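Peer 1: Pasted the sequence and its predicted model underneath.
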Amino acid sequence: MARIRLEQMTPTQKVAALLITLGPNTASEIMKNITDDNVLEQITIEITGLSKLPQEIIEAVVDEFHTVFQASSMLSSGGMSYAKELLEKAYGSAEADNILNRLVTILNSNPFQFLNEADPVQLATSFQNETPQLIALILAYLKPEQSAKILNCFPPGIQHKVSLKIAQMGTTNPEILAELEKIVESKFSTVVASDFTKAGGTKALADILNSSDRSTEKNVIEMMELETPELAENVRNLMFVFEDIVLLDDSSIQKVLREVDSKDLAMSLKGAREDVKQKILKNMSERAQGILLEDIEYMGPIRAKEVQKVQSKIVGIIKALEAVGEITISRGNQEDELIE
């Protein structure tokens with residue numbers, strides 16, 4: 001086997017080398033959290049191929065990861081000037097600039113952003129012949145409002161496949177993403193950026209569906225429930241959270257309050273945001289307000305899990321009322337809410 005050199009190593013090889021250095025127990029815990037099967041497979045292959053690493057390579061890889069993590073911490077805690085000053089003292093001016101340039105590129109850039117300004121109907125037409133995986137990757141990085149408009153234009157079958165891919169997506173290998181960017185650049189624009197931040201996941205899909213029209217939302221969730229019910233429930237739970245009560249109008253709040261047990265209401269407001277409390281209190285009589293505030297005050301310490309449980313129960317009531325048309329939850333810029 002040829003002697004490996006640090007500058008010849010790919011990012012995946014460096015990750016594999018770090019995991020080897022950390023030992024099987026720590027490495028296995030880290031690998032459990034890698035959700036992308038392709039990335040996990042690539043790392044595993046590299047681990048099997050990196051036997052008998054020279055000590056200087058091990059030390060160099062560990063130093064590089066430590067430097068990047070350290071620089072990231074400096075950047076987030078003290079800003080660019082602070083990070084640059086400390087890194088220059090430790091590594092010299094040239095190497096400090098090199099580290100920060102790499103880090104800023106990772107933290108600040110975002111791929112496919114030029115598509116946010118493109119016509120969603122034309123994009124949807126152009127995407128028709130692309131794989132659901134590629135469409136999902138692009139939509140996961142765009143603004144939810146733009147992704148929703150594009151998703152609305154797809155037939156139900158494509159909506160389902162793309163939504164499923166978004167919800168199941170984890171981190172994306174930077175090398176793979178770079179190649180995909182080149183493909184997108186050649187097909188859709190002359191401007192492209194790079195990034196390897198986390199995209200997709202259930203929250204990304206929930207944000208997109210929150211901005212979609214009702215028929216798209218209903219179709220995606222119903223089809224997802226048939227294939228992956230647990231994933232569908234996770235997405236549904238993220239589409240309206242307890243704090244979103246502030247988005248309801250007063251009439252809807254009053255209808256919700258008629259269905260909620262007074263003890264559950266008091267517990268749900270334990271530690272809740274002030275605007276949520278005020279939204280609830282505003283829609284109660286003075287006598288009911290007094291009773292509620294007294295119940296909250298004398299309730300004493302409550303486990304966070306118990307509070308979350310009753311909050312979820314109230315969210316369920318809200319969703320049930322919406323399902324039968326008793327209340328309306330505002331979602332994005334919808335133009336068809338009222339039909340005479």
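Peer 2: Received, thanks. Numbering: from 1, shown residues only.
Peer 1: Backbone dihedrals for Ile135, please?
Peer 2: When quoted as degrees, to the nearest 10, the phi and psi of Ile135 stand at phi -60, psi -40.
Peer 1: roughly how far apart are it and Met169?
Peer 2: Shown here: Ile135 relative to Met169, a distance of 11 Å by C-beta to C-beta, to the nearest Å. (Glycine included, C-beta is placed from N, CA and C.)
Peer 1: try Leu205
Peer 2: Distance, Leu205 to Met169, by C-beta to C-beta: 9 Å.
Peer 1: do the same with Gln55
Peer 2: Counting by C-beta to C-beta, the separation of Gln55 from Met169 is 38 Å.
Peer 1: CA-only coordinates of stretch 294-301 in CSV, if you can.
Peer 2: Output in CSV follows, covering the C-alpha atoms of stretch 294-301 (Å, rounded to 0.1, in the frame of the first residue of the first chain):
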residue,chain,number,x,y,z
GLU,A,294,-54.9,31.5,40.2
ASP,A,295,-54.8,27.8,39.0
ILE,A,296,-51.4,28.5,37.3
GLU,A,297,-50.0,30.2,40.3
TYR,A,298,-50.9,27.4,42.8
MET,A,299,-50.1,24.5,40.5
GLY,A,300,-46.5,24.4,41.6
PRO,A,301,-43.6,22.8,39.7
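Peer 1: Quick check: closest non-adjacent residue to Lys203.
Peer 2: Nearest non-adjacent residue to Lys203, counting by C-beta to C-beta, 6 or more residues apart in numbering: Leu238, 5.6 Å away.
Peer 1: Test my guess that that neighbour contacts Thr202.
Peer 2: Yes. The criterion here is C-beta atoms under 8 Å, and Leu238 meets it with Thr202 at 5.8 Å.
Peer 1: right, and Pro120 touches Lys143 too?
Peer 2: No. Counting by C-beta under 8 Å, Pro120 stays clear of Lys143, with 10.8 Å between them.
Peer 1: Please identify which of those two sits among more neighbours.
Peer 2: Taking neighbours as other C-beta atoms under 10 Å, Pro120 and Lys143 compare with Pro120 leading, 19 against 15.
Peer 1: In space, what's closest to the more buried one - neighbours in sequence excluded?
Peer 2: Counting by C-beta to C-beta, 6+ apart, Lys149 is the residue found nearest to Pro120 once chain neighbours are left out, at 3.7 Å.
Peer 1: Check which helix or strand the one you found maps to.
Peer 2: Using DSSP states H and E, Lys149 falls within helix 144-152.
Peer 1: helix or strand right after that helix?
Peer 2: Following helix 144-152 in sequence, per DSSP H and E, is helix 156-168.
Peer 1: domain parsing for this structure?
Peer 2: 6-108, 113-238, 242-323 (automatic domain parsing).
Peer 1: Tell me which of these sits most buried.
Peer 2: Ranked by mean neighbour count under mean count of other C-beta atoms under 10 Å, these are led by domain 113-238, which reaches a mean of 18.
Peer 1: can you pull the contacts of Val220?
Peer 2: Going by C-beta atoms under 8 Å, 6 or more residues apart in numbering, Val220 touches 151, 159-160, 163, 205, 209, 212.
Peer 1: any chance of these in TSV, plus distance to Ser312 and pLDDT?
Peer 2: Formatted as TSV, these follow (distance: C-beta to C-beta, whole Å; pLDDT from 0 to 100):
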residue	distance to Ser312	pLDDT
Leu151	27	91
Gln159	27	91
His160	26	91
Ser163	23	90
Leu205	19	83
Leu209	19	78
Ser212	23	70
